[in-house]
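Undergrad: the following block contains a protein sequence and its predicted model.
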Amino acid sequence: MAAGLAALNQRCGQALRAWAQRRQGIDPPDVELQSRRIYILPTRAGLIFALIAFVMMLGAMNYNNNLGFALTFLLAAVSIVSIHHCHHNLALLRLSALGAEPVFAGDNWQFRFSLQNERPETRWQIRLNWDGDTREVCVDLDGSKQVVQQLRLPAPVRGLHAVPRLRVATCYPLGLFESWSWLNFDLKGLAYPRPAERADGSPAGDPARTGLDASGEDDYFGMRQWRPGDSPRRMAWKALARTGQKLVHEYRGGTGAPVWIDWDSETDGDDERRIARLARRVLDATAKGADFGLRLPDLVVPPDQGLEQRHRCLRALAVLRTGGAGHA
């Protein structure tokens with residue numbers, strides 16, 4: 001019985017949220033909460049308060065007690081006034097979506113929202129949380145002030161992900177009623193692929209597994225497919241004998257030539273492991289201050305250096321489609 005009621009309540013809640021989303025549509029980055037989009041209902045405490053007031057009314061009627069009538073009407077009037085204040089606490093509040101910085105898969109986005117109170121009076125107990133998330137933040141907003149509040153959201157896997165709706169609510173002043181509004185910002189969070197521990201996915205000094213000889217002053221960046229004109233000295237002969245594939249080593253030397261981080265240079269493991277190793281190589285190249293580019297099956301990022309190039313390459317890896325599944 002309890003499970004059936006819980007399922008019915010969940011379905012009703014989903015239907016109500018879907019109706020509200022169709023009614024409001026997608027919100028712009030800056031929104032002012034108008035009265036027509038603010039909903040209000042009694043809380044559990046409010047329902048208990050109403051039941052108590054009703055029992056008091058029955059008792060006053062039964063005993064014809066004027067003081068009982070007066071107290072009941074006073075409590076009812078206070079609750080009615082609290083409806084106005086609860087709704088007024090959210091009305092004309094301005095919210096702006098400021099987005100979030102990209103993170104690596106498995107970390108948390110920190111989405112930032114600006115709350116602006118254009119009224120002279122303080123707005124109390126403004127709560128923010130994601131749709132379906134019980135964790136929330138609460139803020140008191142002084143008159144004619146603006147604050148920036150952060151909301152955490154997990155980034156489960158690499159890719160560009162749409163975020164849930166934002167819920168803004170308050171139970172001020174007495175907790176008998178809750179007013180709330182849904183905000184459907186067109187927000188997306190970018191999750192970079194989680195980098196591998198090493199660029200080649202193997203322990204240091206393990207040439208037997210990879211067929212590599214990384215001795216010398218140059219820095220090794222992996223292997224790629226052989227192309228006409230490649231020096232025979234860069235050929236991975238052990239890998240050729242083991243796999244039959246023509247691969248060449250890529251190094252970063254002192255000549256200043258750009259380094260290419262190539263999808264074809266990673267042959268071991270599934271696609272996600274290859275992406276993780278390429279992400280590690282992007283981070284290593286950025287740390288060394290190298291000029292580097294990225295070659296993927298459907299995209300080429302021209303050589304450059306710095307944090308912007310790091311972002312371009314990691315973003316390309318984040319949204320790369322593999323195995324028929326998209327992450328964008």
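TA: Looks like it came in fine. These numbers come from a predicted model, not from an experiment. Residues are numbered from 1 along each chain as shown.
Undergrad: only C-alpha atoms from now on, for both contacts and neighbour counts.
TA: Noted.
Undergrad: what's the weakest-modelled helix or strand in this structure?
TA: For the chain, the helix or strand with the lowest mean confidence is helix 207-210, at a mean of 33 (criterion: mean pLDDT, DSSP states H and E).
Undergrad: contact partners for the residue nearest to Pro42 when sequence neighbours are not counted?
TA: Take Pro42 and drop its neighbours on the chain: the residue closest to it by C-alpha to C-alpha, 6 or more residues apart in numbering is Phe177, 4.1 Å away. By C-alpha atoms under 8 Å, 6 or more residues apart in numbering, the contact set of Phe177 is Ile40, Leu41, Pro42, Thr43, Gly46, Ser82, Ile83, Cys86, Cys171.
Undergrad: could you break the protein into its assigned domains?
TA: 25-191, 207-318 (automatic domain parsing).
Undergrad: what about stretch 91-107, average pLDDT?
TA: Computed over stretch 91-107, the mean pLDDT rounds to 96.
Undergrad: tell me the gap between it and the middle of its chain.
TA: Relative to its chain's centre, stretch 91-107 lies at 8 Å (C-alpha atoms, centre = their mean, to the nearest Å).
Undergrad: then stretch 79-96?
TA: Taking mean C-alpha positions (C-alpha atoms, centre = their mean), stretch 79-96 and its chain are 28 Å apart.
Undergrad: swap in stretch 234-253?
TA: Worked out by C-alpha atoms, centre = their mean, stretch 234-253 lies 40 Å from the chain centre.
Undergrad: now do stretch 226-244
TA: Mean C-alpha position of stretch 226-244 versus that of the full chain (C-alpha atoms, centre = their mean) differs by 43 Å.
Undergrad: need the distance between the two termini of it.
TA: 12 Å (C-alpha to C-alpha, to the nearest Å).
Undergrad: before we move on, back to that, among the contacts of Phe177, name the ones in helices.
TA: Among the contacts of Phe177, the members falling in helices (DSSP state H) are Gly46, Ser82, Ile83, Cys86.
Undergrad: which one of those is nearest Pro303?
TA: Taking C-alpha to C-alpha as the measure, Pro303 sits nearest to Cys86 out of those, at 56.6 Å.
Undergrad: please name the nearest non-neighbouring residue to the closest one.
TA: Tyr172 (5.3 Å).
Undergrad: over to Ser181?
TA: Ile38 (4.9 Å).
Undergrad: how many neighbours does that neighbour have?
TA: Counted with other C-alpha atoms under 10 Å, residues neighbouring Ile38 total 17.
Undergrad: can you give me the buried ones in stretch 53-65?
TA: By 16 or more other C-alpha atoms under 10 Å, the buried positions in stretch 53-65 come out as Ala53, Met56, Met57, Ala60.
Undergrad: make a ChimeraX selection of the buried ones in the contacts of Phe177.
TA: Only the buried entries of the contacts of Phe177 go into this ChimeraX selection, using 16+ other C-alpha under 10 Å:
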select :40,42,46,82,83,86,171
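Undergrad: dump the contacts of Phe177 to JSON lines, plus pLDDT and distance to Asp284.
TA: Compiled in JSON lines, these are given as follows (pLDDT from 0 to 100; distance: C-alpha to C-alpha, whole Å):
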{"residue": "Ile40", "pLDDT": "96", "distance to Asp284": "53"}
{"residue": "Leu41", "pLDDT": "96", "distance to Asp284": "55"}
{"residue": "Pro42", "pLDDT": "96", "distance to Asp284": "56"}
{"residue": "Thr43", "pLDDT": "96", "distance to Asp284": "54"}
{"residue": "Gly46", "pLDDT": "96", "distance to Asp284": "58"}
{"residue": "Ser82", "pLDDT": "96", "distance to Asp284": "59"}
{"residue": "Ile83", "pLDDT": "96", "distance to Asp284": "58"}
{"residue": "Cys86", "pLDDT": "97", "distance to Asp284": "54"}
{"residue": "Cys171", "pLDDT": "96", "distance to Asp284": "50"}
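Undergrad: from the contacts of Phe177, pick the one nearest Leu92.
TA: Cys86 (12.8 Å).
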